[in-house]
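Peer 1: For reference, the sequence and a predicted model appear below.
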Amino acid sequence: MDESELLKSIKNSALDDLVFFSNPSKPLRERWVVLEFLKIIGLPFDENETNSLDQSSKTDVLFRDARFQVKEITNPNMLRGKEIKDKYNSIKKAKNIEGIVLPASSQNLPPAAQMYDLVVKGAKQLSESKTYMASKNDLDLIFYITRQRASLVQRKEICSLDFCKLGWRSVSCVNSKQAVVLFAAQDAPDFIKVNSQSGYNIDSWVNGAP
């Protein structure tokens with residue numbers, strides 16, 4: 001690959017990022033989160049089984065009898081949209097590889113945190129919102145963790161009492177290395193109940209194989 005081809009590839013990649021993280025692509029990102037969750041827990045599926053509903057619906061992604069409400073936990077005060085747009089504009093103007101000057105990130109690394117604690121806090125805050133008060137008992141809440149310096153969930157941390165009074169049908173979380181069903185009510189989808197509190201990561205449980 002010569003320099004012109006490499007530059008074209010870099011520009012195309014930056015454009016793909018811009019499109020993927022745009023507002024119109026929100027349903028695509030939500031389906032991607034659910035697909036990543038399903039892959040990591042090892043559930044056989046067809047991608048066509050996932051469907052996005054209208055953004056006015058409380059259900060973001062339908063998968064079989066699951067009704068996923070997808071939420072992302074990012075770095076505090078993150079301005080991802082602006083940073084991706086600034087990066088794209090900088091790369092777009094470049095005439096050669098040496099001309100690519102990426103804008104400096106305005107984000108500082110957040111303090112270390114536990115992924116489990118972030119999810120418990122997020123699930124509680126959302127459960128108290130009027131937006132979900134009437135529908136949360138039919139929703140399968142799933143958090144996608146992109147926050148940096150957030151430790152993986154460990155088996156000893158999981159306590160159903162942290163979630164059982166919040167009203168969600170189920171609560172799960174996923175990042176690039178791990179997927180965990182933290183809570184599942186009796187009427188949760190069977191595949192979620194089967195995987196309840198049996199978190200998986202790419203290799204094995206943080207504290208040993210499940």
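Peer 2: That came through fine. Computed from a predicted model, the values in this text were never measured in an experiment. Numbering: from 1, shown residues only.

Peer 1: ok, Leu166 to Tyr144 distance?
Peer 2: 19 Å (Cβ to Cβ, to the nearest Å). C-beta: built from backbone N, CA, C; applies to glycine.

Peer 1: Between the two, which has more neighbouring residues?
Peer 2: Tyr144 (22 against 19; other Cβ atoms under 10 Å).

Peer 1: Tell me if I am right that that one is in a strand.
Peer 2: Yes: counting by DSSP: H, G, I helix; E, B strand; the rest coil, Tyr144 is found in a strand.

Peer 1: hang on, isn't it packed against Ser172?
Peer 2: No: with contacts counted by Cβ atoms under 8 Å, Tyr144 stays clear of Ser172, the gap being 9.9 Å.

Peer 1: can you give me the helices in the protein?
Peer 2: For the chain, applying DSSP state H gives helices covering 3-20, 26-41, 80-93, 115-127, 190-194.

Peer 1: so which of these comes closest to Glu72?
Peer 2: Nearest of these to Glu72, taken as Cβ to Cβ: helix 26-41 at 7.7 Å.

Peer 1: what comes up buried for that closest one?
Peer 2: Pro27, Arg29, Glu30, Arg31, Trp32, Val33, Val34, Leu35, Phe37, Leu38, Ile40, Ile41 (16 or more other Cβ atoms under 10 Å).

Peer 1: can you check stretch 143-153 too?
Peer 2: Phe143, Tyr144, Ile145, Arg147, Ala150, Leu152, Val153.

Peer 1: Closest one of these to Asp86?
Peer 2: Arg147 (21.0 Å).

Peer 1: quick revisit: need the buried residues of stretch 143-153 in CSV (columns: distance to Glu72 and pLDDT).
Peer 2: Listed next are the buried residues of stretch 143-153 as CSV, based on distance: Cβ to Cβ, whole Å; pLDDT from 0 to 100:
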residue, distance to Glu72, pLDDT
Phe143, 7, 98
Tyr144, 5, 98
Ile145, 8, 96
Arg147, 9, 94
Ala150, 12, 93
Leu152, 17, 94
Val153, 16, 94
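
Peer 1: Thanks a lot, see you next time.
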